[in-house]
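Trainee: sequence and predicted model, in that order:
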Amino acid sequence: MRAATASPLAVDANGGWDLNEALALLPVLAACRVSLVEQPLAPGDPGGPALKAAAAMPVILDEECRDRADLDRCAERAHGVNIKLGKCGGLLPAIELAQAARRRGLRVMLGCHLESGLGISAASQLSGLADWVDLDGNLLLAADPWRGPVWSRGRQRPRRAPGLGVVRRRGYRPRWSTPER
């Protein structure tokens, strides 16, 4: 990947490494100028504090952080958290989670699940609260019912429309819908 681009790169292990693997891989990733590693260990892995102390790049927790009650444990185990609207319960809980994370000295990543342009547009409203933004789940949909953010030169830009800037895609009919009479 590094031979193909100078753009920032992040690695998401989805909790798939053990402590020894993570300790071996982090220096290799740092040499490749990887910006961060997301959820290298399984949630609750007792090696989290040791990995945080040894890491040459930010360790960000995703599956391990759902709400503010998780932040004290996350601060012991990582440098930051990944906030997703669908995971924490919406815009207001996400704002509160970001603010509480900052008070604990944690960095903030704003992420998403596989979501439509509507969910991505809503989450993008919080991008000013984040150090990193990873909101591209709508690009993986075969048929997004919403025309959300506009992609231009590898960046998302809000659509010029009222509210969240989202417009219902004309003629879109979900496969599960019944025909109108």
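Mentor: Structure received.

Trainee: strands of the protein, residue ranges please.
Mentor: For the chain, strands defined by DSSP state E occupy the ranges 9-12, 34-38, 59-61, 80-84, 107-111, 132-133, 146-147, 150-152, 155-157, 167-168.

Trainee: check what contacts the fourth one and list those residues.
Mentor: With contact meaning Cβ atoms under 8 Å, 6 or more residues apart in numbering, strand 80-84 is reached by 36, 38-39, 58-62, 64-65, 70-71, 74, 94, 97-98, 101, 106-113, 123, 126, 130-131, 134. Where C-beta positions appear, they are placed from N, C-alpha and C, glycine not excepted.

Trainee: tell me which residues touch R153, please.
Mentor: By Cβ under 8 Å, 6+ apart, R153 has no neighbours at all.

Trainee: do you know the pLDDT at it?
Mentor: Here, the pLDDT recorded for R153 equals 83.

Trainee: what of E21?
Mentor: E21 is given a pLDDT of 97.

Trainee: that one: neighbour count?
Mentor: 13 (other Cβ atoms under 10 Å).

Trainee: now for V166, how many residues are close by?
Mentor: So V166, with other Cβ under 10 Å, has 22 neighbours.

Trainee: my guess is it contacts G119. True?
Mentor: No - at 9.4 Å, V166 does not count as touching G119 under the criterion of Cβ atoms under 8 Å.
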